[in-house]
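Peer 1: Sequence and predicted structure, then a few things I'm wondering about:
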Amino acid sequence: MRSDKVKKGLERLPNRALLYGTGLHQSHINRPFIGIASSFTDLIPGHTNMRILERYIERGIENSNGTPFIFGVPGVCDGIAMGHSGMRNSLPSRELIADIIETVGCAHSLDGLILLTNCDKITPGMIMGALRINIPTIVVTAGPMLSGHYGQRRLSLVRDTFEVVGRARTGTISEDEKNAMEVEACPSCGSCQGMYTANTMACLTEAMGLSMPYCATAPAVTNNKTRVAYESGQRIVKLVKEQVLPRDIINKKSLENAMRVDMALGGSTNSVLHLMAIAHAAQVDINLKEFDVMSKDTPHICNLRPGGEYFMEDLHVVGGIPAVMQKLISKINDNPTVSGKKIKEIASKAYCFEHEVLRPVNKPYHKEGGIAVLYGNLAQDGCVVKQAAVSKEMMKFEGSAVVFDSEELAMKDILAGKIKKGSVIVIRYEGPAGGPGMREMLSPTSAIVGMGLHNDVALITDGRFSGGTRGPCIGHISPEAAAGGLIAYIENGDRITIDIPKRKLELKVSSEEIEKRRKSKKLNVMKVKDGYLARYARMVTSASSGAVFSTD
C-alpha cells in the first residue's frame, strides 16, 4: 500500500506515534488509509449536510476494513459571491482545491480518496487533484436542494430570486411575493434545484463513472443520499485492493460520455471549462470544437430549469442519470465505473419511468444538444452559448453594441432602465486573466429576463455565465479583451450579429477600422496587483483551453 511509507518499519516508529496521537487503534494501522476530502462549510447550502454524509462514508470504510481520515477543502458559493468582486475568487478556487487534494494525498501517502463535494467548481477541482496523484477515488456529491413553494407554485433559486430583482425594478411583483421568494426559494440544504453548474457537474461525474449510480440526482435530504455515501465508503476500500485508478476510468471515452450527457441534459456552459480542465489533468486531449460536434449529434431530451420547467428531484424520480444514459445507449461508450459495473450495464438495467421531464431521443425538446460553440471575428478561438435556454426568436439577432468594462457598470445601467430594445450588451475585461477570475454574469442576465427584455436584448462577454442563465447570452469569448481579443475594440453603436444555428458571432466593422482601433486603444489589464488573484491572472490560460494554469 502507498501508506506503508508512513507507517511500516522501525524508522517509521515516530510516524506511527503521531498517528496514534490522532486516536487510532492499533488495528487501524495495517488497513488502507482512505482520505475523505470534505468541503463541508456553513457558508454554502449545498454543503451544510456534509457532516452527516461524512459519518456514513466513515461507516462504509470501517465496515470494509479501511481507515478513514477526514480533511478539509474550501468552498465558494457562487450564488452568494455573485454580482460583486467576490465572484473573482470562484473559478480560481478550482485550482486551489486541486492543489489541496494533490498536496494532502501525496504528503500523507493516502491509499484512496472519497471526494465529498457538491457545488460548481469544487467538484472539478477535487477531480483534477485526484487525477494528478492517480490513486483510487470515488466522488460523492451531496445532492440537490428540494424545490420551494409559494402556494401551488414551485420555486427555484435563479428564476425566483435573481430574476425577481428585475421584476421588482419594473414594479411587476408585489412586496409580499418578493419577500416570500426571498424566504421560500431555498427551503433545504443542497445544490440549487435546476440544471445549473453544480448539478451539471454532479451528473457528468456520474456519467464519467466516478460516482456510484444515482448519486448525482438523489436529493440532499433523503436517505437515498446517505445510502450512496455508505456504499461509496465500502466500495473505495475494494478499489484500493484492486488498484482501480481514476485514470483507468477518466479517458477519452468517458469524457465523450460526459459531453454527450451534458448535451442531452442542457447543462451549464461552465461544464465546457471544467471538462477541458479535467481532461488536462487526466492527460487526455479534448478541444472546444468537439463539444459542438457532440451537440449536433445529441438531442436535448431533458427539460430542467433554467430553460425548462422541471427540477432535479423530478429527474431523480424518473430514473436519474442511468435513465438518461439508457435513452442514449446507442450513442454512449461502454466504459468502467467505480461501481464495478460498466456504463452500458448500468444504463440497460436502469429503471426509467415515462414522463415529460425526460423524453425519448425521437421526441426531443430540441434536435441539437444544450450547448453551441460559436466562432467569428469576435471569437476566433470560440465562445459558448446555452442554446437550449434561448428562445426560437433570438437564435438569430443583430443589434447595436452597448459596451461596459465591468459587470458592475453594466448592472447599473440595466437596473436604471438605460438598455433599449435591439441592444447587444458587451461586458469585457471579465475573462480568466482580465477579470481576473472570469466572473459569472447571472445578475445582469437575470435582471434582463426579469425586466422582460430577453427577447429583445442579447449579452456577450469574455466572462462566463451561471448555469442558471437563460436567454441569448454568449460567454467565454476567446481571445479575451485583456489578451487583445477583438472584444476589447468594440465601440458603442457597432453592429454585432449573432447566428446560433450557423455558429457565428461577428462584429460588423471594417478590417481597416479595427486595425486603426488596435493601434490607438490601450488595453485595460491587471485590475488586481497582488495576492492570489494577481498570480492567477499571470498563470491562467484562455477559456478556450479550460482556463487551467500554464506550466510554461
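Peer 2: Sure thing, it's come through.
Peer 1: What residues of stretch 388-400 count as buried?
Peer 2: Across stretch 388-400, burial judged by 16 or more other C-beta atoms under 10 Å covers Ala388, Ala389, Val390, Met394, Met395, Phe397, Gly399. For every residue, glycine as well, the C-beta is placed using N, CA and C.
Peer 1: Backbone torsions only: list them for Gly463.
Peer 2: Main-chain dihedrals, Gly463, degrees, to the nearest 10: phi -80, psi -160.
Peer 1: Could you find the closest non-adjacent residue to it?
Peer 2: Glu430 (3.2 Å; C-beta to C-beta, 6 or more residues apart in numbering).
Peer 1: gap between that neighbour and Ala547?
Peer 2: Distance, Glu430 to Ala547, by C-beta to C-beta, to the nearest Å: 12 Å.
Peer 1: How about Ile371?
Peer 2: 16 Å.
Peer 1: again with Gly66
Peer 2: From Gly66 to Ala547 the distance is 35 Å (C-beta to C-beta).
Peer 1: what's the answer for His316, then?
Peer 2: His316 is 31 Å from Ala547, by C-beta to C-beta.
Peer 1: Pick out whichever of those two has more residues nearby.
Peer 2: Neighbour count, other C-beta atoms under 10 Å: between His316 and Ala547, Ala547 has more, with 27 against 21.
Peer 1: which ones are touching the closest residue in space to the more buried one that isn't next to it in sequence?
Peer 2: Distances taken as C-beta to C-beta, 6+ apart put Pro432 closest to Ala547, at 4.3 Å, once the chain neighbours are dropped. Neighbouring residues of Pro432 by C-beta atoms under 8 Å, 6 or more residues apart in numbering: Leu91, Met438, Glu480, Tyr536, Ala537, Val540, Thr541, Ser542, Ala543, Ala547.
Peer 1: Where helices are concerned, which of those residues count?
Peer 2: Judged by DSSP state H, these include Leu91, Tyr536, Ala537 as members of helices.
Peer 1: right, and out of the residues you listed, which lies closest to His108?
Peer 2: Proximity of the ones in helices among the contacts of Pro432 to His108 (C-beta to C-beta) peaks at Tyr536, which lies at 26.6 Å.
Peer 1: The closest one contacts Glu95, doesn't it?
Peer 2: Yes - assessed by C-beta atoms under 8 Å, Tyr536 is found in contact with Glu95 at 7.2 Å.
Peer 1: neighbour-wise, which of the two wins?
Peer 2: Tyr536 (25 against 22).
Peer 1: dump the residue contacts of the more buried one.
Peer 2: Per C-beta under 8 Å, 6+ apart, neighbours of Tyr536: Pro92, Glu95, Pro432, Pro436, Gly437.
Peer 1: Overlap of the contact sets of Glu430 and Ala547?
Peer 2: Residues touching both Glu430 and Ala547 by C-beta under 8 Å, 6+ apart: Met438.
Peer 1: Can you name the residues that contact the residue nearest the centre of the chain?
Peer 2: Central residue check for the chain by C-alpha atoms, centre = their mean: the C-alpha nearest the mean position is that of Thr197, 3.6 Å away. By C-beta under 8 Å, 6+ apart, the residues touching Thr197 are Asp78, Cys119, Asp120, Lys121, Ser268, Asn270, Ser271, Ser466, Gly467.
Peer 1: hang on, Thr200 is in a helix, isn't it?
Peer 2: Yes - counting by DSSP: H, G, I helix; E, B strand; the rest coil, Thr200 is located in a helix.
Peer 1: Look up phi and psi at the residue of the chain positioned farthest from its centre.
Peer 2: Centroid-distance maximum for the chain: Leu10 at 46.4 Å, with C-alpha atoms, centre = their mean. Per-residue torsions, Leu10: phi -60, psi -40 (degrees, to the nearest 10).
Peer 1: doesn't His280 make contact with Leu131?
Peer 2: No - assessed by C-beta under 8 Å, Leu131 is found out of contact with His280, at 9.0 Å.
Peer 1: neighbour count winner among those two?
Peer 2: Each of Leu131 and His280 has its neighbours counted (other C-beta under 10 Å); Leu131 has more, 27 against 19.
Peer 1: That one - nearest residue in space that isn't next to it in sequence?
Peer 2: Once flanking residues are discounted, Leu131 sits nearest to Ala281: 4.0 Å by C-beta to C-beta, 6+ apart.
Peer 1: For burial, what's the neighbour tally of that neighbour?
Peer 2: The burial count assigned to Ala281 is 23, neighbours taken as other C-beta under 10 Å.
Peer 1: Tell me who's in contact with it.
Peer 2: Contacts of Ala281 by C-beta under 8 Å, 6+ apart are Ala98, Ile127, Met128, Gly129, Leu131, Arg132.
Peer 1: ok so the last one is a strand residue?
Peer 2: No - if the criterion is three-state DSSP, then Arg132 is helix and not within a strand.
Peer 1: can you pull out the helices in the stretch 401-550 of the chain?
Peer 2: 407-415, 442-450, 511-520, 531-539 (DSSP state H, counting those that start in this stretch).
Peer 1: Need the contact partners of the second one.
Peer 2: Helix 442-450 is contacted from outside by 78-79, 82-83, 158, 162-170, 407, 410-411, 414-415, 419, 425, 427, 454, 457, 459, 465-466, 468-471, 473, using C-beta under 8 Å, 6+ apart.
Peer 1: Show me what the helix or strand where Ile52 lies is packed up against.
Peer 2: Taking DSSP states H and E as the criterion, Ile52 maps to helix 50-63. For helix 50-63, the elements it packs on are strand 33-38, strand 67-72, strand 112-117, helix 223-242, judged by 3 or more C-beta pairs under 8 Å, 6 or more residues apart in numbering; DSSP states H and E.
Peer 1: Quick one: mean pLDDT over that helix.
Peer 2: Per-residue pLDDT over helix 50-63 has a mean of 98.
Peer 1: Now mean pLDDT and mean neighbour count too, for the helices and strands packed on helix 50-63, in CSV please.
Peer 2: CSV is the format used below for the helices and strands packed on helix 50-63 (pLDDT from 0 to 100; neighbours: other C-beta atoms under 10 Å):
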stretch, mean pLDDT, mean neighbour count
strand 33-38, 98, 26
strand 67-72, 98, 18
strand 112-117, 98, 29
helix 223-242, 98, 21
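Peer 1: So for Pro306, which of the ones you listed sits nearest?
Peer 2: Proximity to Pro306, assessed across these by C-beta to C-beta, is greatest for strand 112-117 (22.1 Å).
Peer 1: okay, the closest one in PDB with CA atoms only?
Peer 2: Output of strand 112-117 as PDB, limited to C-alpha atoms (Å, rounded to 0.1, in the frame of the first residue of the first chain):
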ATOM      1  CA  GLY A 112      -7.500   6.100  -1.700                       C
ATOM      2  CA  LEU A 113      -9.900   9.100  -1.700                       C
ATOM      3  CA  ILE A 114     -13.500   9.900  -1.200                       C
ATOM      4  CA  LEU A 115     -14.200  13.300  -2.600                       C
ATOM      5  CA  LEU A 116     -17.200  14.800  -0.800                       C
ATOM      6  CA  THR A 117     -18.300  17.700  -2.800                       C
END
